[in-house]
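Colleague: A structural model of the following input is requested.
(one chain, ligands or ions: 1)
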Amino acid sequence: MNDQLDNLAIHTITNKPWSAEQCIAKYAAANVSAITFWRYNFEGTDPTTLGRQAKDAGLDVASLARGGFFPAASALKRQAAIEENLRAIDEAAALGAPSLVLVCGAYAGQSLDDSRLQIQDGIAACIDHAQQAGVVLAVEPLHPMYAESRSAINSMSQANKLCEALGNHPSIGIACDVYHTWWDPCLETQITRAAESGNLAAYHICDWITPTSDLLNDRALMGEGCIDLGKLSSAIKESGFNGYHEVEIFSNRWWASDQDDYLSAIIQSFRKI
Ligand code: ZN
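Modeller: Predicted coordinates:
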């Protein structure tokens, strides 16, 4: 195993044109250490089988993406969201993933404060089940441009507050994604705060390019954009976090390219950080 890739994980969505089985084979052959699956990967295969295939290939399962989307207009819909998250927790456990990433959700018909309360209530309703399953619920703060639609949790500070409101439960954590948090002047302080509370559960990397042509699917490869990844990765390391650096890139541009060449480019840029 190449030492430099010991803490490299890749999300299957990064190589969306590949099947889960192709991702497993290609990442293992490239000496990547771990893989994060997305729930769409279970369309053809069950989580238990996929988790076993990854382990047999020598890959650790870093996480499962994703649960969340708790806020909704009615109690009935919020209950349905909770039940969906309980299923996702079971899938993470079957997969052998230590955490489930939460894109917490938001409902445009109400205030952000109301959405945040519903997120807290939704997580509280799932947390004992997560603990029994041995799965950490990793709250991923999303960039404020998604506050109305995808998540009312938009900064590491808010994620820290949410964990504290839930009593820093052992099954709650935070996924810090540089795409969503790089702009925040308090980012490094908040990374330290999360780590000191034992809540830093995941670290996602990519880059931000300008102009961004698509608010969801125009993320960049590390080194292409303006995020100071060297500085952030140092802050993550100094915080005591020793988990994977997970490459998660939604990119129409890269998805349209040759995926083998793209994987080589990912590994090259990871080595440069
Ligand atoms: Zn992420």
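Colleague: tell me, how many neighbours does the closest residue to Thr12 other than its chain neighbours end up with?
Modeller: Sequence neighbours aside, Cys23 is the residue nearest to Thr12 in space, at 4.6 Å (criterion: CB to CB, 6 or more residues apart in numbering). Just so you know, the C-beta spots here come from the backbone N, C-alpha and C atoms, and that holds for glycine as well. Neighbours of Cys23 under the rule other CB atoms under 10 Å: 28.
Colleague: Now for Cys23: which residues touch it?
Modeller: 10, 12, 15, 35 (CB atoms under 8 Å, 6 or more residues apart in numbering).
Colleague: any idea how far Tyr179 is from it?
Modeller: Going from Cys23 to Tyr179 by CB to CB, to the nearest Å gives 20 Å.
Colleague: Spell out which parts of the stretch 151-273 of the chain neighbour the ion.
Modeller: Taking CB under 5 Å from the ion as the contact definition, the stretch 151-273 of the chain meets the ion at 177, 204, 248.
Colleague: 8 Å - rerun?
Modeller: 175, 177, 179-180, 202, 204, 246, 248 (CB under 8 Å from the ion).
Colleague: Looking at neighbours, which among these is most surrounded?
Modeller: Counting neighbours by other CB under 10 Å, Ala175 comes out on top of those with 29 neighbours.
Colleague: Relative to Ala265, how far out is that residue?
Modeller: Ala175 is 24 Å from Ala265, where distance means CB to CB.
Colleague: thinking Ala147 is in contact with Asp113, fair?
Modeller: No: the pair Ala147 / Asp113 is not scored as a contact, 11.6 Å apart, by CB atoms under 8 Å.
Colleague: Neighbour count: the two, which is higher?
Modeller: More crowded of Ala147 and Asp113, by other CB under 10 Å: Ala147, with 16 against 9.
Colleague: And the strand or helix carrying Asp260, what does it pack against?
Modeller: Assigned by DSSP states H and E, Asp260 falls within helix 259-272. With contacts taken as 3 or more CB pairs under 8 Å, 6 or more residues apart in numbering; DSSP states H and E, helix 259-272 sits against strand 8-11, helix 20-29, strand 245-247.
Colleague: ok, and what's touching it?
Modeller: When contacts are defined by CB under 8 Å, 6+ apart, helix 259-272 is touched by residues 4-5, 8, 10, 14-15, 17-18, 26-27, 30, 32, 221-224, 245, 247, 249, 254.
Colleague: Please apply the same query to stretch 30-37.
Modeller: By CB under 8 Å, 6+ apart, stretch 30-37 touches 1-2, 5-12, 20, 23-24, 27, 47, 50, 54, 59-65, 95, 97, 101, 244, 246, 248, 263-264, 267.
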